[in-house]
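Novice: Please work out how this folds:
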Amino acid sequence: MARIVVVGSPYRAGSGRIIASAAAERGHTVRYVGDLGDPARPEDLGELTDGAAVLEGVEAVVLVPRRGDARVHTERATRVLLEQVRRHAPGAHFVLFSSFAVGHGPAHPLNRINDTLLPARVAAERLVRTSGLPYTVVRPTWMTDDPPGSHALTLTQHPYGDGMVARSDMAAAIVAAIEEPAGRYTTFSLFNEPGTPVADWAAAFAALRRDEPQEEL
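Specialist: You can find the predicted model right below:
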């Protein structure tokens with residue numbers, strides 16, 4: 001069992017807390033950090049002011065960026081948290097909660113909310129891929145509150161992947177990506193379809209291709 005820190009958001013319908021609960025139910029030791037402070041101020045790390053106390057010995061960190069200025073709460077928050085993880089938990093598996101809209105590019109309505117949202121999300125994903133840490137980038141589609149295991153779950157790397165996914169299934173996939181080595185170094189969207197729940201996570205991740213290496217900008 002792993003020691004996991006989930007850096008959540010009070011928004012996004014509590015997705016961070018749902019991920020933390022799913023990990024705890026699997027027997028992992030979980031700490032939920034609901035306040036990353038103000039990433040615009042490097043000296044303000046909120047509950048991570050003492051990063052060593054929170055992150056030392058941790059084996060996985062999940063970031064669910066909060067809503068608001070994406071340059072601050074997505075891109076800069078990712079940068080700040082990665083720096084803390086590399087300092088206090090080198091080698092920890094970093095999971096970024098992103099968005100399926102990233103794959104769709106500028107044409108998607110969600111990316112036209114403002115002109116900083118897509119660039120910030122793309123930059124955050126790139127920061128994770130070039131961090132030197134083992135990672136997974138998860139791009140949930142439209143989220144629902146359906147009960148866990150009510151549907152089949154499809155993991156896709158098609159750039160235009162779309163659909164609906166239960167938050168509970170999204171959380172289960174994130175926890176499985178931490179548990180299964182085949183989930184590392186991948187980027188994928190996920191959505192529900194009619195059918196039975198995933199029975200073999202290792203096989204589901206093994207069907208994905210690993211990301212191409214990227215150079216840090």
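Novice: Pass me the low-pLDDT residue ranges in this protein, would you?
Specialist: Counting by pLDDT under 70, the low-confidence segments of the chain come to 9-13, 35-50, 215-217.
Novice: Partner strands of the longest strand anywhere in it, with direction?
Specialist: In the chain, ranked by residue count with DSSP state E as the criterion, the top strand is strand 186-193. Strands adjacent to strand 186-193 in the sheet, as given by DSSP bridges, are strand 135-140 (parallel), strand 152-156 (antiparallel).
Novice: so of these, which one's packed in deepest?
Specialist: Per-stretch averages of neighbours, counted by mean count of other Cβ atoms under 10 Å, single out strand 135-140 among the strands paired with strand 186-193, with a mean of 24. C-beta here means a position set from N, CA and C on the backbone, and glycine is covered the same way.
Novice: next helix or strand past it?
Specialist: Once strand 135-140 ends, the next helix or strand along the chain (criterion: DSSP states H and E) is strand 142-144.
Novice: what's that following strand packed up against?
Specialist: Helices and strands touching strand 142-144, as assessed by 3 or more Cβ pairs under 8 Å, 6 or more residues apart in numbering; DSSP states H and E, comprise strand 164-166, helix 167-179.
Novice: how about a cut-off of 6 Å?
Specialist: With contacts defined as 3 or more Cβ pairs under 6 Å, 6 or more residues apart in numbering; DSSP states H and E, strand 142-144 has these neighbours: strand 164-166.
Novice: tell me what the strand it packs on is packed against?
Specialist: strand 142-144, strand 186-193.
Novice: ok, the nearest residue to R126 once chain neighbours are set aside - how many residues close by?
Specialist: The spatial neighbour of R126 that comes closest, neighbours along the chain excluded (Cβ to Cβ, 6 or more residues apart in numbering), is Q214 at 6.1 Å. The burial count assigned to Q214 is 12, neighbours taken as other Cβ atoms under 10 Å.
Novice: I'd assumed G132 was in contact with Q214.
Specialist: No - with contacts counted by Cβ atoms under 6 Å, Q214 stays clear of G132, the gap being 11.5 Å.
Novice: Can you tell me the SS state at V30?
Specialist: Secondary structure of V30, reduced to three states by DSSP: H, G, I helix; E, B strand; the rest coil: strand.
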